[in-house]
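Novice: next comes the sequence, and after it the predicted model I'd like to discuss.
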Amino acid sequence: NLDCLAPDGHLVVIGGSTAPALLDLGLLMSKRGSVTATMLRARPIGQKADIIAGVTRDVLPLFASGAVRVVVDTIVPMEQAARAHQLLESKQTVGKIVLDNRTQPAT
């Protein structure tokens, strides 16, 4: 993400893994960038409700209009969940890996 950050850019990390992550402070400083990180889990219920209301009001309509779209890399049948994990672990994907839990018609 820092490679894509514009000079004077601000990286916002919302949710995600709580596993330790590496942050190249030299690269961040050379771009005069800043980082904000947060998650819903650590917030009081009233703040969570306000955030959800804001997303419903301001973000979901962008998806409905097509102004924002989800990038899907691969759709994997649920029976091949291990393959989905392999794809994620390869770090070669761009976009989401979707597990399809719809039953396949018998042939």
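Specialist: Yep, it's here. Residues are numbered from 1 along each chain as shown.

Novice: state the helix or strand in which residue 47 lies.
Specialist: Residue 47 belongs to helix 45-58 when assigned by DSSP states H and E.

Novice: please compute how far that helix lies from its chain's middle.
Specialist: Centroid displacement of helix 45-58 relative to its chain, using C-alpha atoms, centre = their mean, to the nearest Å, is 18 Å.

Novice: and it, average pLDDT?
Specialist: Mean per-residue pLDDT for helix 45-58: 95.

Novice: for this structure, name the helix or strand with the lowest mean pLDDT.
Specialist: Using mean pLDDT, DSSP states H and E, strand 10-14 stands out as the lowest-scoring helix or strand of the chain, at a mean of 89.

Novice: how about low-confidence regions in the protein?
Specialist: Residues of the chain that meet the criterion pLDDT under 70 lie in 104-107.

Novice: surely residue 23 is within a strand?
Specialist: No: when DSSP: H, G, I helix; E, B strand; the rest coil is applied, residue 23 is found to be coil, with no strand at that position.

Novice: which phi and psi does it have?
Specialist: phi -130, psi 120 (degrees, to the nearest 10).

Novice: any idea where the helices of this protein begin and end?
Specialist: Along the chain, counting by DSSP state H, helices occupy 25-30, 45-58, 60-65, 81-90.

Novice: chain neighbours aside, what residue packs nearest to the spatially most central residue of the chain?
Specialist: Closest residue to the average C-alpha location of the chain: residue 16 at 7.0 Å, with C-alpha atoms, centre = their mean. Nearest non-adjacent residue to residue 16, counting by C-beta to C-beta, 6 or more residues apart in numbering: residue 39, 7.7 Å away. For glycine as for every other residue, the C-beta is placed from the backbone atoms N, C-alpha and C.

Novice: how about the contacts made by the one you found?
Specialist: 14-16, 18 (C-beta atoms under 8 Å, 6 or more residues apart in numbering).

Novice: go on, residue 6?
Specialist: residue 31.
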